[in-house]
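>>> Mind folding the following:
(one chain, ligands or ions: 1)
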Amino acid sequence: MHELSVCGSIAGIVERRAAGRQVRVIHLRIGQLRQIVPDTLVYCWDLLSADTELAGSRLEVESIPVRIRCRGCDRSAELGDLPVFACGGCMSTDVEVIAGEEFLITALDLAEGAST
Ligand SMILES: [Zn+2]
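This is a model prediction of the structure:
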């Protein structure tokens, strides 16, 4: 499952950043192009972290909508539900993705109240 391997990567990064401190909340920013279902990710995280030092921590996922920019007329727009990579202004398909590919751990809430 895609989300399970993603959780494995998150756990590796978080363990290094936390350096033994107890983690309460992991804030993530995930672009919709990543094809990650936040609910599934949270479920996998609970499974994966259960027997580790990250047990009891939870994920806060912020979904970033896909945005494209047209190279022809410079118009930018959210892609919405339609996976059509074309400009709504001039119908050009010469567009670039300017948001939606993010995969970031933006912050960790640690038990001591400190944050990184
Ligand atoms: Zn255009």
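
>>> so what's Leu47 up against?
Contacts for Leu47 (Cβ atoms under 8 Å, 6 or more residues apart in numbering) come out as Leu4. Backbone N, C-alpha and C define where each C-beta goes, glycine included.

>>> Correction: the previous question concerned Asp94.
Going by Cβ under 8 Å, 6+ apart, Asp94 touches 70-72, 87.

>>> repeat that with 7 Å
Asp94 is in contact with 70-72, counting by Cβ atoms under 7 Å, 6 or more residues apart in numbering.

>>> and what of Arg58?
Going by Cβ under 7 Å, 6+ apart, Arg58 touches Val25.

>>> How about the backbone phi and psi for it?
phi -130, psi 160 (degrees, to the nearest 10).

>>> Please apply the same query to Leu79.
phi -70, psi -30.

>>> on that earlier part again, just put the contacts of Asp94 in CSV and tack on distance to the ion.
Shown next, in CSV, are those (distance: Cβ to the ion, whole Å):
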residue, distance to the ion
Cys70, 3
Arg71, 8
Gly72, 4
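
>>> Most neighbours among those, please name it.
The most crowded member of those, judged by other Cβ atoms under 10 Å, is Cys70 (20 neighbours).
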